[in-house]
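1. here is my input; please provide its structure:
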Amino acid sequence: MYKLNLWALSLVIVLSVTSLLIGSSSLSLDAASLDLLLISRIPRTAALILAGTSLAVAGVIMQQLARNKFVEPTTTGTVEWATLGMLLMLMFFPQASVFHKLLIACLMSVIGTAIFLLILRKVSLRSGFLVPLIGIMYAGVIGAIITFIAYRAELLQSIWVWVQGDFSMILRGRYELLWLAAGLSILAYFTADKLTLAGLGKQVSINLGLNYNLVFIWGLILVALITAVSVVNSGVIPFLGLVVPNIVSLLVGDNLRRSLPLVALTGATLVLFCDILARIVNYPYEVPIATVMGVIGSCIFLYILLGSKRHAH
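-> Numbering: from 1, shown residues only. Modelled structure (predicted):
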C-alpha cells in the first residue's frame, strides 16, 4: 500500500511539473515568466490537483452510500442539480457573487442527491446494473429541464460555457474555493471508517453500533458540497468519480481508511494527464478537459463494466 501511494505521488509530481512547462508561451528566467507562473500556470495546476482529488473522493463516497460501484455525481443527477442552481442564479441574480452562487449550487446538489438516494430506496433493484441506469435517466430528466429553461431564458450558451469542464480560464483568484473541496476530502478521511460501515447497509451498520442516518447525511453533504464547488469553479468532469474508485478498489479493496489517499492521488493523476493531453493534442489550441476525460473515462468504464459482467457469469 505504501509503495502504491509513493508511486501515485511521484506521478502527480512529474505531471505537475509537466503541466507547469506546457503552454503557448515558453518560460525563461525573467519577470514576465515569473508572472505567468504565479498568475496562470501554478493556479491552473493547483486547481487540477484539487479538483481531481476531491471529485475522486466524492465518487467513492457516493458509491458507498448507494452501495453500487457504477455511480458517481455525474451519473446520479448531483451535477445536474448544481447546474440547475447556477442557472437559477444567472436568471434571477446575475450580479450575485461566486460565493452566493456556490451556496445555491450546494443546496441544490444536496436536494438532488437526496432525491436520487430516496428513489433507490423505493425501487426494487434485482441487479446492480439498474442503479447507474436509473441515475443516468434521472440525470437526463434534470438535464432536459435545464436545457429547456436555459433555452427559454436565452441562457443556453452561458450555462454551457459555465459547466463545460475546462481549466483554460483558471487564474489566480478564481480557483481558491477548490481548497474548500480539498478540506472536505480531508474531513472524509477522518470519518472513513464510519463511511465504510455505512456501505455495508443500514441494518448491518446499525447492528455494529453505527448511527447510520447521521453518517448517511454526512456523506450526502460531503458529496454535494464537493460536487457543487467543483462545478462552480471548473465545470463538469465526467467519469472521474466513477473510474478512479473502481481502479483503486481492484488494487487495495474497499476499506476507505486504506484506499482514500490512493483514490485522491489517482484522481489528481488522471486529471493532470487528461489536461496535458488536452493541451498538446491540438497545440497551441486547447481541447476542453471534459472532452478528453469523457473519451478516456468512458473507455475505462466500459472495460470495468464488461469485466464485472464476465466475473458475474
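2. what residue lies at the spatial centre of this protein?
-> Closest residue to the average C-alpha location of the chain: residue 55 at 2.8 Å, with Cα atoms, centre = their mean.
3. I'd like to know how far that residue sits from residue 203.
-> The gap separating residue 55 from residue 203 is 30 Å, by Cβ to Cβ, to the nearest Å. Every residue, glycine included, has its C-beta placed from N, CA and C.
4. next, the buried residues of the helix or strand that contains the residue nearest to the centre of the chain.
-> Residue 55 is located in helix 42-66, with elements delineated by DSSP states H and E. Along helix 42-66, these residues count as buried under the neighbour rule (16 or more other Cβ atoms under 10 Å): 43-66.
5. shaky segments in the chain?
-> By pLDDT under 70, the weakly predicted segments of the chain are 124-129, 308-313.
6. where do the helices sit along it?
-> Secondary structure of the chain (DSSP state H): helices at 2-21, 31-36, 42-66, 78-92, 98-122, 130-152, 156-163, 178-190, 192-198, 202-207, 212-234, 240-252, 256-280, 289-312.
7. ranking those helices by burial, who's on top?
-> A comparison of the helices of the chain by mean neighbour count, using mean count of other Cβ atoms under 10 Å, puts helix 42-66 on top with a mean of 26.
8. could you give the angle of it to helix 130-152?
-> Taking axes from the mean of the first three to the mean of the last three Cα atoms, to 10 degrees, one finds that helix 42-66 is oriented at 130 degrees with respect to helix 130-152.
9. now helix 42-66: how far from the chain's centre is it?
-> On the basis of Cα atoms, centre = their mean, to the nearest Å, helix 42-66 is displaced by 5 Å from the centre of the chain it belongs to.
10. next: stretch 76-85.
-> The answer for stretch 76-85 is 12 Å, by Cα atoms, centre = their mean.
11. what does it contact?
-> Residues outside stretch 76-85 that contact it (Cβ atoms under 8 Å, 6 or more residues apart in numbering) are 62, 66, 73, 101, 104-109, 111-113, 115-116, 135, 138-139, 142-143, 145-146, 149, 159, 162-163, 223-224, 227-228, 231-232, 236.
12. please repeat the previous calculation with a cut-off of 6 Å.
-> Under the criterion Cβ atoms under 6 Å, 6 or more residues apart in numbering, residues 73, 104-105, 108-109, 112-113, 116, 135, 138-139, 142-143, 146, 163, 227-228, 231, 236 lie in contact with stretch 76-85.
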